[in-house]
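Q: Requesting a structural model of the entry that follows:
(chains A and B)
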Amino acid sequence: MNVTTTATTNRHTIAVLVDNEPGVLARVIGLFSGRGYNIESLTVAEVKAVENLSRITIVTSGTPMVIEQIKAQLSRLVPVHKVSDLTLEGPAVERELALVKVAGKGDKRVESLRIADIFRARVLDSTNESFVFEIVGDTGKLDAFIRLMQPLGLVDVSRTGVVAIARGAEAL
Amino acid sequence: MASNQLTGAEILLKALVDQGVDEIFGYPGGAVLPIYDVLFQQNAIRHILVRQEAGAVHAAEGYARSTGKVGVVLVTSGPGATNSVTGLTDALMDSIPVVCITGQVPTHLIGNDAFQECDTTGITRPCTKHNYLVKNVNDLARIVHEAFHVARSGRPGPVVIDLPKDMAIASGTYVPPNRVGHKSYAPKVKGDLDAIKRAVELMAGAKKPIFYCGGGVINSGPAASKLLTQFVRTTGFPCTLTLMGLGAFPASDPQFLGMLGMHGTYEANLAMNQCDVMICIGARFDDRITGKLAAFSPGSKKIHVDIDQSSINKNVRVDVPIVGDVGHVLEDMIKVWKSSQAKPDQNALKAWWKQIDQWRARDCLKYQQKGDIIKPQYAIQRLYEATKHLDDVYITTEVGQHQMWAAQFYGFEKPNHWMTSGGLGTMGYGLPAAMGVQIAHPDALVIDIAGEASILMNIQEMSTIAQYRLPVKAFILNNEYMGMVRQWQELLHGGRYAESYMASLPDFVKLAESFGAVGLRAEKPGEVDDVIAEMLKCDKAVIADIKVDKKENCFPMIPSGSAHNEMLLGPGDEAEKPVNEDGMVLV
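A: Take a look at the predicted model:
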């Protein structure tokens, strides 16, 4: 078969090492929007100050043919040094951080603190009627925590998006 | 000022000279005045003043495609930059090396909505291979050298350098082009030898093979076309070319099946449909080639040679991908083919050629020139007959029916002699492109095969042609319609010709004369040869207005959404095979 429509869609985490220069993030994002690819999460920060390199972690989804395209398209951007599909290239660890604000009084307030304890979330800020929790984990864990906070007075969420790194001794 | 210090404008010009630039196409304006001031005081680089910036980029494209060099454009900020966007996109789609320098408002005004300010790097990011905003004059020389390297290497493309006015005035240090590679950009040139061996093995076992080659062969340089010709002849396989690839293999060669795709020949498209091994070299399986993807060459193993990894497996899944420069890969392929003493099954090949000859016998390009009306195909065929013996003929086209007829009826023996807007399909491309070709080849015959609608989109360039006394010939197939639009309206929209009739056309003869050119007209078939002869004799620019059949459609045609074996061969087929409605949403 030549067509891809029947193939299944999978979630991939892709790490991209780029020159830390103006416009580089716009190039990456523009490529995704211009070609109709999904971005589920995107994080970026400088990782090697001396070499002036930033690392972008993108979580995307698509058929194997689309994922292959995304990697090829990323690779041909001039400031891109390396593209690595962490989902395909062996085991990797992924983490995300969320700041979760819950407002409430009485039982609900106690309950939110109890659940935060179970999830090993930390309290960063507290007033008589609110908490700001910090929680770290994979996307599923964060989703579960936020879902549990919903009926307990969830008012605001800020998430970093996924960062990921391959297991073992090898560098990107 | 220290002796090794130059102004940004001087650095720019010095870098251009060191990059081997002789000519640039441009249009001045406030933000580039310091550069024009330096241009004025030197003789190494000749500036060609166009009449609109889109014309400058198309001229640079024509220049680049006919020489293999990088075409260079210089425009001002704001509207200068936005007018060049169509040309840049055209160059990106067709992989043409262009460096476009755009002026910008001074650094301190960027972001202030200053006069003639626009976010040039933002606007051109998706329509260039790469772009730069110069923020430090000491980076300028490096950026210019890098821009040329990026534009011409790998899969070529347009690169923009956005230069704020204060950067052109500030003093900085010049650095010559160095040979140190770019830290992240390094296109792969050599193909993987194991893959090449597997490809040759597949080819050796083929019973119904076909070479399907495109613009990548031309971009790889004239040597690649020679290697391709040699390899096709050694194997004895048939060869078809895309619109962009015409000239990569001689049209007169008996192994050539003509162009393939939407308006390709019956034999080329059916051979693609029925083949068992497809050798795709420097082409990209775009929708004009494949037709309906699910029915594209269903029984074949596919080999794909391309310098751009992202072209591989984009539309069509291939069996043997080879990432590398066409010239290098062909060289290795020929070596492996020879050393392995590959010998395909001759009986099978004979049977395959017999089948192809049967398809050829349908004579899919036939048309009838009778009566008093000039058939457009006839006009191009006569033009070809009158010029094919000449050594150096360059043909450019606009976009539409005339473009397809030119591709079908004009035979190209050599690469770099055919300039047409393939990917973007830019009406208005041909005249400025012809201008660029003529600048690069002052003594050659350069003809823009045009339509009356397209040529009006950049007709202002007649003024440039006049200024530089360029003997460009515009050969207009004038059917008073946007012919291809009209054809689709006939086929898909019940003959409701919405806005495709070209009312109030100019008198092209008088138009030519007003620009100091010669205007000619043919209204009857008997006048075509005379007009062509007169046009070729003339040492000035010519507009030849050939009044052709208003109702003629371009066949063969694979309607969008259809497969290669569902071609319409002529007007009679339209009724028999109504166009499938799935195709209506496609372009």
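Q: ends of stretch B:297-307, how far apart?
A: Length of stretch B:297-307, first residue to last, CA to CA, to the nearest Å: 23 Å.
Q: That stretch: which residues count as buried?
A: Of the residues in stretch B:297-307, those buried by neighbour count under the rule 16 or more other CB atoms under 10 Å in any protein chain shown are B:S297, B:S300, B:K301, B:K302, B:I303, B:H304, B:V305, B:D306, B:I307. For the C-beta atoms, the positions are set from N, CA and C on the backbone; glycine is no exception.
Q: swap in stretch B:527-541?
A: Neighbour counts over stretch B:527-541 (16+ other CB under 10 Å) mark B:V528, B:V531, B:I532, B:M535, B:L536, B:A541 as buried.
Q: Export the residues you listed to CSV and append columns for secondary structure.
A: Converted to CSV, the buried residues of stretch B:527-541 look like this (DSSP: H, G, I helix; E, B strand; the rest coil):
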residue, secondary structure
B:V528, helix
B:V531, helix
B:I532, helix
B:M535, helix
B:L536, helix
B:A541, coil
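Q: between the buried residues of stretch B:297-307, which is closest to B:E461?
A: Distance to B:E461, by CB to CB, is smallest for B:I307 among the buried residues of stretch B:297-307, at 32.2 Å.
Q: which stretches of chain A aren't confidently modelled?
A: Along chain A, the parts satisfying pLDDT under 70 run over A:1-6.
Q: Show me where it has its helices.
A: All helices of chain A, identified by DSSP state H, fall at A:24-34, A:64-75, A:107-118, A:139-149.
Q: returning to that earlier point: pick out whichever of the buried residues of stretch B:527-541 sits closest to B:H564.
A: Closest to B:H564, out of all of the buried residues of stretch B:527-541 and judged by CB to CB, is B:V528, at 33.3 Å.
Q: Contact partners for the closest one?
A: Counting by CB atoms under 8 Å, 6 or more residues apart in numbering or on different chains, B:V528 touches B:I374, B:Y378, B:A379, B:R382, B:A522, B:I546.
Q: and chain A, what are its domains?
A: Residue ranges for the domains of chain A, per automatic domain parsing: A:10-85, A:92-165.
Q: Quick one: closest of these to chain B.
A: Distance to chain B, taken as CB to the nearest CB, is lowest for domain A:10-85 among the domains of chain A, at 3.6 Å.
Q: could you check whether the closest one is close to chain B?
A: Yes - Domain A:10-85 lies within reach of chain B by CB under 8 Å from any CB of the partner chain, at A:18-19, A:22-23, A:26-27, A:30, A:34, A:65, A:68-69, A:72-73, A:75-76, A:78-81.
Q: what about the strands in chain A?
A: Counting by DSSP state E, chain A has strands at residues A:10-19, A:41-48, A:53-62, A:80-85, A:92-103, A:122-127, A:130-137, A:154-159, A:163-166.
Q: Parallel or antiparallel, which strands does the fifth one pair with?
A: It stands for strand A:92-103. Using DSSP bridges, the strands paired with strand A:92-103 are strand A:130-137 (antiparallel), strand A:154-159 (antiparallel), strand A:163-166 (antiparallel).
Q: same deal with the second one?
A: On the basis of DSSP bridges, the sheet neighbours of strand A:41-48 come out as strand A:53-62 (antiparallel).
Q: what residues does the partner strand touch?
A: By CB under 8 Å, 6+ apart, the list of residues contacting strand A:53-62 from outside reads A:9-20, A:24-25, A:28, A:32, A:37-47, A:67, A:69-70, A:81, A:139, A:161-164, A:172.
Q: I would like a ChimeraX command selecting only the buried ones among those residues, please.
A: Applying 16+ other CB under 10 Å to the contacts of strand A:53-62, the buried members can be selected in ChimeraX as follows:
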select /A:12,13,14,15,16,17,18,19,20,24,28,32,37,41,42,43,44,67,69,70,81,139,161,162,163,164,172
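Q: Please, which helix or strand holds the nearest residue to B:I35 once chain neighbours are set aside?
A: Sequence neighbours aside, B:A9 is the residue nearest to B:I35 in space, at 4.5 Å (criterion: CB to CB, 6 or more residues apart in numbering or on different chains). Assigned by DSSP states H and E, B:A9 belongs to helix B:8-18.
Q: What of B:G154?
A: Under DSSP H and E, no helix or strand contains B:G154.
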